[in-house]
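1. Below is the sequence, then the predicted model.
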Amino acid sequence: MALNPSPFVASMELSQFSIQDLVKKIKQEMFSNPDIYSFVSPSAYDTAWVAMIPDPHQPDRPMFAECLDWVLNRQRKEGFWGEFDGHGLPTIDSLPATLASMVALKQWNVGVENIDRGLAFIRANAEKLLEEKYNPCPRWFAIVFPAMVELARSVGIEMIFRDRLEAMVAEIFDQRQQILNTEEMENKYHYPPLISYLEALPSWYDISHEEIVKHLSGEGSIFRSPSATARAFMATGKKECLAYLQSLLQRCPTGVLSVYPMDEELVKLSMVNQLQRLGLAQHFVDEIDQILSVVHRNYMNREGETRQVNFIPAQLYKDSLAFRLLRMHGHSVSPWSFCWFLHHDDIMDHIQNNCQCLSSVLLNVYRATDLMFPGEYELEEARSFSRNLLEKSISLRHQDDNLVVFPNFQRMIEREMSLPWIARLDHLDHRHWIEVNEINTLWMGKASFYRLSCLHEDDLMQLAMANYNFRQSIYNKESVEITRWSKDSGLSKMGFGRENTTYCYFASAAASSSQLLYDSEVRLVVAKGAILITVADDFFDMQGSMDELETLTEAVRRWDGHGLTGHTEVIFKALDNLVNDIAAKYLHQQGRGCDIAKILRDLWYETFSSWLMEAKWSKSGYIPSIEEYLRTGMISIAAHTLVLQASCFLNPSIPIHKLRPSQYEPVTKLLMVTTRLLNDIQSYQGTMVVTKGLPYSPSPILLGGKGLCPKKEQVDGKTNFVLLHRNENPEADIEDSISYVKGILDEKKKELIQHVLSDDLSDLPNSSKHIHLSCLKVFQMFFNSKNEFDFRTSELLQDIKQAIYTPLEFQKAKPSIKPLPLPFERKNQTVNAILGPSFKNQTIKRFTAYAVPVPMPRVGYGKIFMPLKFKTCFI
C-alpha cells in the first residue's frame, strides 16, 4: 500500500515543479532567438526629442509619428514620464523627461489631457524632488533641466515656480551658467562632453553648423545620443543624421533608447551577470556557457584594438564585467583585457576627474579584481586605483550623480569594500540582490538612467524568489535534522566547549547554494563533519587528559572503540556512525567496488593525530618551529577533512585516490594552509596590548596592562603561527607578526583562486574545486575581521535568520508622491496621434528644418507593444 506524501513533501514537490515550469518558460522566451534590444529600457526623454522632428515634406506633421504615439501612451498614471526608483518614487530624471514629453505633445497640438497631467505632477512634486537632489544637482541635470524649462515656455506651456521652488530653479540655472562658461564643447576632463547635450544647449551658446557636422560619427550620430542627433538633424538636415534616426526606429519601434547602437555583447553579459547574482545560474548552465564562449572567442580576436576615449566608461565597464564572468567560469583571460586603462595617463586622468559619475564603472573594476592570481600586479594597481576613487565618491556624495540620484548605491559600495566577495556567502548574496534589484542601474546617461530592462520581470523575479524560498525551506528542514542528529549522537550535550550546531549547518548551506542541487547530500555531510570536528577539537584543547587523548587517537587508528568511556566513547561512536553512513551512501551511489570506508578512516586518523600532537606541545610547553607547526596545523584545522569526504557526493565525484594524504592536490593543500592562517590571525579574545620585545610563552600570561593580554590560543595553552613568528622575531611587535602572516595568507588565497578557476592546474573536477573555494569563503566569513565562530555576534545571528528562517518577501514600495489635483482617472487604453487637416504646427524656437528628400513616414499606426521593466544590473 503506497503511503501519501506528507503535506511538507507535497508542497516542496509542487514548488519544484513550478520552478521547473518557470525555467522552461524563461528559456523559451529569453534564450530562443531573443531580440537583444527588447531587453533595453526606452528613454522617454530621447523618444520625445525624436517625436519633435517635423517631416520636411509636411512640416505640420511629425516625421516619426510612432514616437509621438509612444509619448501619448507611456505617461504614468501619476502624470510623469520616466521611471520609478526602488522605493516607488519617480526619479529626478522624470522632470526633464516629463517636460520634453509635454513639449512634443504641445508642438503637435495633441494630448491636452496628458499635458495637464504632466503639469500637475511637476507642480505637486518638483519641489520635493529638487529639495532632495539639487544641492548641488548632478551635472547632467543642471544642463538638461533648465533647457527643458525654457523649451516648455517657448511653446506656451506655463511654467511658474513659486516661493522656495523658484529659488531652487534659479540656483540650477546658475549652475548651468557656470558649466557652460567653464567647459569646452569637447573636453576629456568632463564626461559626457557638452556636445553630447546638443539639444539642451541654449540659443546664445555659440555652436556653428560646421562644428555640429564635425562631431558626427560615421554612423551619423552625436555620441550615439538619439536626442542630440535629433537636434543635429533639425539644425543641419544632414542625411547621415536621418539615416541614423531611421535605423534607430527600425531597430527599436517600441521606444527610442538613450544610447544607440547598443553593444549587444554587453547586454548579453549583463543578462548572465543578473542570472548569477539572483542565484539562478544553475538553471541556465548551457545558455550561460554558450554566451560566455562566444564572448571569450570575440575577446581573443579583438586583442590590441584601440578604444575611443569618449566611450571609455562603457568599454571599461564591459571589459571588467567580461573579465570577471569569464574568469569565474574557467576561461583563460588576461588582466590586460580590462586593465588597459592603466597604460594611458590621459584615460586615468579622465576617470579621476569624472569619478563622481563613473562610480558604477569603478565598482565593477573593483569587483573584477576579486579574482586575482599571483603575480598579477596590474590587478593590484587597478584595485587600489578603483578603491581610492570609490572612497572619494562616497565622501563627495552630494556631488556624485550616481550617489545623489541613487542613494542606495552608496550602501552597495560600502558593503562591497567592507565585506569582500571572498567573505560573503552565496545564499545571502542572492537574497541581498533580489531585495535591492529594483534600485539597480548603470551609470548616468545624459538625462536619465541608462538602464537595461527585460520583458519578463514578473517571471524572473518570481523564479528568483521561488528558488530562494524553496532552498530556504530545504535548509530549514535540514537544520532540524542536523540539530536532532547532534542531540541523538550526544555531541550537543558534552558539557564543554562550543555548541555550534546551527553555525556549522548555516555555513555549509549558505556557502554552497550556487554549486549544489536542491537534494544534495553534501550539506549534511559537511555540517555533521564540522560539528564533530568542533567538539573533538575542543575536547583535545581543553577537556581531555593526556591519557584520554592518546587512548581516543589509538582507537581511531585501530577503528575500534572497545574500552572507551565517557566523552571519548561519545566522540568515537559519532565518528564511526558518520563514516559508515557516508561510506554506505557512496557505495549505494557508485555501485560495487566503491567502498571508501578505509580511506575515510585514514583521513580522520590523520586529523586526530594532528590534534594529539598539538595537545602534547601545549601540555609539555614545547615550542615548535614555524615549519613544524604549519605541517601539523594545516591538518588540525580539518578543512580538507570536510571538503574531501563531501566531494564524494558531487557530480562528477572526486577520484577516490585523491582522498589519500599522499595524493592531495595542490588546491587541497592551499585550502589547508589558508584556513589555518585565517584562524590563527583572528584566534584572539579581546584587544591585544603588546610591549615590544617581550618573549612568547605558550601559557596564559597577564602583565597588568603591559605585554600580552590573554587571547584564545594563549588561554587554551596552544601555539599559534602569529605568536610563533613573534617569538622567532623578538624585535617585532605583534602587529608586525600579524602583517607578516596576512601577507602570506593573501598570496596563498590568490594561488587557491587560481587553482580553482584554471583548468590546467588540477585534476580535480570543477565541482570539487569550487567546494574548496566555498570552504575558504566560510573561513574568511568567520574570521574576516574577528573570530565570529567562537564569539557570537548580532550580525552573524541575523545572517543565520535570513538564510534559514526569515522568508524572502519582495514587494515594491507604493509611490509616495502627491496625488494629482485632477478629478478624473486616465483610462487604460492606447491613444494614437491623429493629425487631421486642421492640425497646426507649433514651431519651436531656433529649430530650422531643412527640406531634404526623405520617404514619407507612415501615418497609420496600431497599438504599440510596451515591455515591462526589469532593471538588469551593471553594478
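-> Here it is on my side, so go on.
2. So for the host helix or strand of residue 362, mean pLDDT?
-> Element membership for residue 362, per DSSP states H and E: helix 359-368. Mean pLDDT, computed over helix 359-368, is 92.
3. Remind me what it packs against, helices and strands.
-> helix 312-328, helix 377-395, helix 401-405, helix 408-418 (3 or more C-beta pairs under 8 Å, 6 or more residues apart in numbering; DSSP states H and E). Using the backbone N, CA and C atoms, a C-beta is placed for each residue, glycine as well.
4. Now render these as JSON lines, adding distance to residue 218, mean pLDDT and mean neighbour count.
-> Listed next are the helices and strands packed on helix 359-368 as JSON lines, based on distance: least, C-beta to C-beta, whole Å; pLDDT from 0 to 100; neighbours: other C-beta atoms under 10 Å:
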{"stretch": "helix 312-328", "distance to residue 218": "17", "mean pLDDT": "92", "mean neighbour count": "23"}
{"stretch": "helix 377-395", "distance to residue 218": "31", "mean pLDDT": "94", "mean neighbour count": "18"}
{"stretch": "helix 401-405", "distance to residue 218": "29", "mean pLDDT": "48", "mean neighbour count": "25"}
{"stretch": "helix 408-418", "distance to residue 218": "34", "mean pLDDT": "81", "mean neighbour count": "17"}
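5. Minimum distance to residue 254: which of those has it?
-> Evaluated over those, closeness to residue 254 peaks at helix 312-328, with 22.8 Å, by C-beta to C-beta.
6. For the stretch 501-650 of the chain, just list every one of the strands.
-> For the stretch 501-650 of the chain, no strands are identified by DSSP state E, counting those that start in this stretch.
7. Equivalent analysis for the stretch 701-850 of the chain, please.
-> With DSSP E, counting those that start in this stretch, there are no strands along the stretch 701-850 of the chain.
8. So, low pLDDT: which residues of it?
-> For the stretch 701-850 of the chain, the stretches with pLDDT under 70 are 701-717, 810-850.
9. which stretch among the helices and strands packed on helix 359-368 comes nearest residue 81?
-> helix 401-405 (16.4 Å).
10. So for residue 526, which of the helices and strands packed on helix 359-368 sits nearest?
-> It's helix 312-328; of the helices and strands packed on helix 359-368, that one is closest to residue 526 (C-beta to C-beta) at 22.2 Å.
11. C-terminal to that closest one, what's the next element?
-> helix 336-339.
12. The helix holding residue 362: how far from the chain's middle?
-> Mean C-alpha position of helix 359-368 versus that of the full chain (C-alpha atoms, centre = their mean, to the nearest Å) differs by 10 Å.
13. swap in stretch 459-476?
-> On C-alpha atoms, centre = their mean, the centre of stretch 459-476 falls 18 Å from the chain's centre.
14. can you pull the buried residues of the helix holding residue 362?
-> The neighbour-count check on helix 359-368 (16 or more other C-beta atoms under 10 Å) flags 359, 360, 361, 362, 363, 364, 365, 366, 367, 368 as buried.
15. quick check, nearest of the residues you listed to residue 500?
-> residue 367 (31.0 Å).
16. So the closest one is in contact with residue 415, correct?
-> No - between residue 367 and residue 415 there is no contact under C-beta atoms under 8 Å: 11.6 Å.
17. Put together a markdown table for the buried residues of helix 359-368, with distance to residue 212 on each row.
-> As requested, the buried residues of helix 359-368 are exported to a markdown table (distance: C-beta to C-beta, whole Å):
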| residue | distance to residue 212 |
| --- | --- |
| 359 | 31 |
| 360 | 30 |
| 361 | 28 |
| 362 | 32 |
| 363 | 35 |
| 364 | 33 |
| 365 | 34 |
| 366 | 38 |
| 367 | 39 |
| 368 | 37 |
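18. which one of these is nearest residue 238?
-> Within the set of those, residue 361 lies nearest residue 238; the separation is 31.6 Å, counting by C-beta to C-beta.
19. Would you mind listing the buried residues in the helix of greatest length in the chain?
-> The longest helix of the chain (DSSP state H) is helix 457-488. Neighbour-count burial for helix 457-488, with 16+ other C-beta under 10 Å as criterion, is recorded at 457, 459-475, 478-479, 482, 485-486.
20. Quick check: mean pLDDT of that helix?
-> 91.
21. One more: stretch 35-55?
-> pLDDT averaged over stretch 35-55 gives 90.
22. quick one on the thing from earlier: any idea of the angle the helix holding residue 362 forms with helix 312-328?
-> Here the directions of helix 359-368 and helix 312-328 differ by 20 degrees (axes from the mean of the first three to the mean of the last three C-alpha atoms, to 10 degrees).
23. Can you give the distance of stretch 670-678 from its chain's centre?
-> For stretch 670-678, the distance to the chain centre is 26 Å (C-alpha atoms, centre = their mean).
24. Run through who's touching it.
-> With contacts defined as C-beta atoms under 8 Å, 6 or more residues apart in numbering, stretch 670-678 is touched by 630, 633-637, 639-640, 643, 664, 721, 741, 744-745, 748-749, 751-752, 755, 772, 775-776, 779-780, 782-783.
25. quick one: stretch 236-250 to chain centroid distance?
-> With C-alpha atoms, centre = their mean, you get 37 Å for stretch 236-250.
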